[in-house]
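A.B. asks: Fold the stuff below for me.
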Amino acid sequence: MWAYPIKLKKDDNGTYLVTCPDLPEVTTFGEDVKDAYKHARDAIEEAIAARMADREPIPSPSMGNHRVALPAQAVAKILLYRAMRKRGMSKSELARTLNWHRPQVDRLLNLRHATRLDAMEAAFRAVGATMRIALDESAVSAGASRRKAGQSTAR
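C.D. replies: Now for the predicted structure:
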């Protein structure tokens, strides 16, 4: 899971100012804490998309108390972009390697575009990497335990 740390600061109007130490260009706000987290995720995704468009590095998330997790597909696209940079591979070169049109590669790296898993796997292979999927069952187990406990007390 990629989760960037954020800083929340309540202002005089009761809204929350949000910044991200790892991505200094991120500044947004929310009407309440929940809204601040939603806006933070959107702002972080936009900052990363801008860095990708400008061919700039994308830092790994550091540690922090308040963290905003990115969707799994966005993380996969970020990791693909980072693998391409590491190998000095351009979008055009990736398109040639995959025998795809350039707009397909543009969509592949677009954080908000839904991409099929087989296309992501092919792209990772093209850059000499392997995509692996992991499941954190602790959250599933905790949810199942809560549901089971709720069922036993409801009887």
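A.B. asks: Got the domain ranges for the protein?
C.D. replies: According to automatic domain parsing, the chain comprises the domains 1-70, 71-155.
A.B. asks: What is the end-to-end distance of the shortest one?
C.D. replies: Terminal residues of domain 1-70 are spaced 8 Å apart (C-alpha to C-alpha, to the nearest Å).
A.B. asks: circling back: and the domains of the chain as CSV, adding mean neighbour count and mean pLDDT?
C.D. replies: Heads up, the C-betas are built off the backbone N, CA and C, glycines and all. Shown next, in CSV, are the domains of the chain (neighbours: other C-beta atoms under 10 Å; pLDDT from 0 to 100):
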stretch, mean neighbour count, mean pLDDT
domain 1-70, 16, 96
domain 71-155, 14, 87
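A.B. asks: any idea how far the spatially most central residue of the chain is from residue 127?
C.D. replies: Here the mean C-alpha position of the chain is nearest to the C-alpha of residue 70 (C-alpha atoms, centre = their mean), at a distance of 3.2 Å. Separation of residue 70 from residue 127 (C-beta to C-beta, to the nearest Å) stands at 20 Å.
A.B. asks: Quick check: which element contains residue 68?
C.D. replies: According to DSSP states H and E, residue 68 maps onto strand 66-69.
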